[in-house]
Every structure is written in structure tokens, then in C-alpha cells.
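Asks: Next come a sequence and a model predicted from it.
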Amino acid sequence: MAQRKPVRWHIVVFLAPAVLVYTALMIVPLFGTLNLSLFNLDETKTRLFVGLANFATLFGDPRWSGAFWNALANNAWFFLVHMLVQNPVGILLAALLSSPRLRFSAFYRTAIFIPTILSFVIVGFVWKLILSPIWGIAPGMLDAVGLKSLFAPWLGKEEYALTTLALISVWQFVGIPMMLIYAALLSIPDEVIEAAEMDGVTGWSQFWKIKLPLILPSIGIISILTFVGNFNAFDLIYVAQGALAGPNFATDILGTFLYRTFFGFQLQLGDPHMGATIATAMFGIILVGVCFYLFAIQTRLRRYQF
């Protein structure tokens, strides 16, 4: 008879506290939120089970659906700007900084990554000062290069505010995809690069034909992290535009909509049940996106791993 493998108790002892902490901080609040979204209060403030009625209200009631779909559309645009600007710029920077001929590459990597570790409060406040039409330095800087006519109060105009905040977020977090892609480029075996050079494939041609296909799994991971992070966004919008996400809710995303609904703001009273419904909808959106990546995209990217 085959001998049973001994139980590695040191692994069990190490994992047990981690599982308990994760359950207490993640699983219990998650199920508590899901449970709260299935209840509501009647006229006498009695807690009643209403099933999916809160979701029907959120998606179909004019008092709620307009704000929800506006926040969802803004969130989608916020994510799209990151996908079209942050990640391609991060890949380009990683490709440039991985070149062995570039001097001071470590300094450039550090300088680009530093904004990532800054507080949202600092980033939001500083950029509000920079872009202020009254005391900001942006008008003067544009005037110095003859482009003052292009300046506008970008954070105060509905058509520009959300894109401006998305680009500020890109500036802050472009260091993350840059470092992840940089690490992926360094992990490519030297034999692959040497074989490409022997075939006469060098420079940018080598990047597009050899390196880029090999780092596609890393790009996929960065894309899904960007998706999850953007649909959980809240801090920068709140710091720069407040809980009302002005002007006229033009920068309102699901995070700020959830905050106002759950905790209340100014004359709006907090509604924990509808707040939990919004949080559950956010969880469902993120879950669908992650599952789509895992089952529809990641399986196709495995062929590029070595």
C-alpha cells in the first residue's frame, strides 16, 4: 500500500490565521452587503425582505436609474481612458527603459513611479491648484509656450472634467503598468533575444515581433487590474470634486454614487439598503469582467507563456 503523505502542519498553522483574517475582513462583509441589499424598510421603519425589488428600483425607477446609469457610463469612460492612455504609455516607457543603451534608466523609473505612492489627497489638491484659472500655474505655463488660448477651467466644465480627472489618475498610476511590463521584458530569456538578433531582428522591430507577443499575458493581467481598480475608484473624484462629483454630476462614478446613497450627503439622507444594492451591482459588474477575462482571454494568452 502506498504510504500517506504526512500533513505539513507548519503550512496549516501559517494559513489558518490568514484564512480567518481574510474571512473576517472580506467574506463576512461581502455576504453582509448582499444580505442587506435584499431588505428594505417600510413606512413604520420595519425591516422587510424584498428580494430583488431594490435592484428593480435601482435599474428602473426614474429617481434612481438616471443617477445609476450616469455613474456607470462615467465609470466606463474613466476605465476606457486608462486603457487607451495609461497602459499603452506604460508599455512604451517600459520598452524604452529596458534598453541597455539608455543611461540613468534607474533614475527615470524611480521618477515615473514616485507619483504612485503619493496620497490621493495630495494628488487631488495639488492638481486642483495647478489647473486653477485664478492661482494655478497651468495658464502661465501654456502662455510661456504661446498656447494660452488652449487653457480652460477643465475641472469646472462638464465636457472636460471627467477626462481631466482620468488623465490625472493616469499620471499618478502609469508607473504600475510600466514596472510590471518592465519586469516581464527582463524575464524574456536571453536565448530568444540572441536568436532574433542573429536573424537580423533588432530595435523596434524586435519589440513588435518578438517581445510584445511574449508579454501579452502580463498585459492581460494589467488590463484586468485596471478594470477592477477603475470600477472601485472613489478617492480622487471625492478629493477633487467632492461627494456631489460636480459640475452637475459630470464626474459622478459608482463609488461616489454609492457614498452619497449609503451615508447621505447634505439634504440627502443615507439609505444603507439602497447603498448595499449599489455595492452589490458594482460587485456583479467587476465579477462579470473578471470572469470574462479568466475564461475568454487568459486561456488564449497561455500559448505565449514560456
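Replies: Ah, there it is.

Asks: drop to CA atoms for contacts and neighbour counts, all remaining ones
Replies: OK.

Asks: Relative to Y108, how far out is L212?
Replies: Distance of L212 to Y108, given as Cα to Cα, to the nearest Å: 22 Å.

Asks: of those two, who's got more company?
Replies: L212 (19 against 12; other Cα atoms under 10 Å).

Asks: How far does the helix or strand harbouring the more buried one sit from its chain's centre?
Replies: L212 is part of helix 212-214, with elements assigned from DSSP states H and E. Distance of helix 212-214 from its chain centroid, counting by Cα atoms, centre = their mean, to the nearest Å, is 23 Å.

Asks: Which helix or strand lies directly C-terminal to it?
Replies: According to DSSP H and E, the helix or strand after helix 212-214 is helix 216-231.

Asks: Summarise which helices and strands that following helix is packed against.
Replies: Counting contacts by 3 or more Cα pairs under 8 Å, 6 or more residues apart in numbering; DSSP states H and E, helix 216-231 is packed against helix 62-81, helix 175-186, helix 272-292, helix 298-301.

Asks: Deepest in the core, which of the ones you listed is it.
Replies: helix 175-186 (a mean of 21; mean count of other Cα atoms under 10 Å).

Asks: Just the buried residues of the next helix or strand after that helix, please?
Replies: Note on helix 175-186: by DSSP H and E, the next helix or strand toward the C-terminus is helix 190-198. Using 16 or more other Cα atoms under 10 Å as the test for burial, helix 190-198 gives I193, A196.

Asks: Determine the next helix or strand in the C-terminal direction from helix 190-198.
Replies: helix 203-206.

Asks: model confidence over that next one, on average?
Replies: Averaging pLDDT along helix 203-206 yields 88.

Asks: per-residue confidence at the nearest residue to A233 once chain neighbours are set aside?
Replies: What sits nearest to A233 in space, not counting adjacent residues and going by Cα to Cα, 6 or more residues apart in numbering, is G255, at 6.0 Å. Model confidence at G255, expressed as pLDDT, equals 97.

Asks: Help me confirm that G255 comes into contact with N232.
Replies: Yes. Counting by Cα atoms under 8 Å, N232 is a contact partner of G255 at 6.3 Å.

Asks: Give me the more crowded residue out of those two.
Replies: G255 (24 against 18).

Asks: Show me which positions of the helix or strand that contains the more buried one end up buried.
Replies: Secondary structure from DSSP H and E places G255 in helix 254-263. Of all the residues in helix 254-263, those buried under the rule 16+ other Cα under 10 Å are L254, G255, T256, F257, L258, Y259, R260, T261, F262.

Asks: is it true that P115 touches Q172?
Replies: Yes. P115 is within contact range of Q172, at 4.9 Å (criterion: Cα under 8 Å).

Asks: Those two: who's more crowded?
Replies: Q172 (21 against 18).
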